[in-house]
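Visitor: Need a 3D model of the following:
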Amino acid sequence: MLNLTRPLNAVAGQRNGARIFKYIIVIDLEATCYTRTVHEHEIIEFPAVLLNLVTGKIEAEFRQYVTPLMNPQLTRFCTELTGIRQEQVNAGVSLSNCLLLFDKWLKTVLAARNLFLPRTNPNDPTGNVAFATWTNWDLGECLSKDCARNQIRKPAYFDLWIDVKSIYMNFYKRCSDNLSEALSNMGLIFEGREHCGLDDSRNLAKMIVRMFQDGARFEITNQ
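Guide: The predicted structure is shown next:
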């Protein structure tokens, strides 16, 4: 278990003269996947957790299963990898409705804490909360392509995020192929099921807390 009694190196807001974020919204999407045949990936689980960097605690969570349209039948490989069952995606919502539900959740949790994403508040263009993912795939590729394919206008706030893997590699000077391996290298244990989007998000949040305690700076990486 992560020891949150370790002192944080700085109060969220300023570190070494640089602005940092008070909160991080961690996202780890799960999508349809296949063994041999080549198909476009469609989002089937959209999770997010709101992490308070000061306390190291997750304060809110969002999770929605999404019904794929192009290939609605999950492969056995996909179910075994992610643990997502056919009945869960059948009972899910369209991607457009999922984004509406997420937007409602996002506005609620941000307003309750006076938080602003980068470039969404003219009085605070830097923002005090940001999205974070493990690699650029989730928001830079998967969501963008799925929105384009479904002719959905992707919310502009998804255009900026923190690639935690990139920061991890630069800060610790080591390479890890996946989140579980990176956690292990840091002496942390993956809790839950790998490739479950919500569990992946929670574990990435745990990793971010440890990195923050060690002195890593979390800044937008894809500008």
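
Visitor: From here on, just use CA atoms for contacts and neighbour counts.
Guide: OK.

Visitor: Not counting sequence-adjacent ones, nearest residue to the residue nearest the centre of the chain?
Guide: When the chain is reduced to its mean C-alpha position, the closest residue under CA atoms, centre = their mean turns out to be Ile27, at 1.5 Å. If the residues on either side of it in the chain are set aside, Ile27 comes closest to Ala48, at 4.6 Å by CA to CA, 6 or more residues apart in numbering.

Visitor: What values do phi and psi take at the residue nearest to the centre of the chain?
Guide: Note on Ile27: its backbone torsions stand at phi -130, psi 130 [degrees, to the nearest 10].

Visitor: tell me the contacts of it?
Guide: Contacts for Ile27 (CA atoms under 8 Å, 6 or more residues apart in numbering) come out as 46-49, 131-133, 138, 197, 201.

Visitor: Out of these, which sit inside strands?
Guide: Using DSSP state E, the members of the contacts of Ile27 that fall in strands are 46-49, 131-133.

Visitor: from those residues, which single one is nearest Cys78?
Guide: Taking CA to CA as the measure, Cys78 lies nearest Phe46 of those, at 15.4 Å.

Visitor: Look up how far His39 lies from that closest one.
Guide: Relative to His39, Phe46 is positioned 19 Å away (criterion: CA to CA, to the nearest Å).

Visitor: Kindly report the same for Pro68.
Guide: In this view, Pro68 and His39 are 12 Å apart by CA to CA.

Visitor: same question, Ala216
Guide: Ala216 is 37 Å from His39, by CA to CA.

Visitor: Neighbour count for those two, which is higher?
Guide: Comparing Ala216 with His39 by other CA atoms under 10 Å, the one with more neighbours is Ala216, at 18 against 11.
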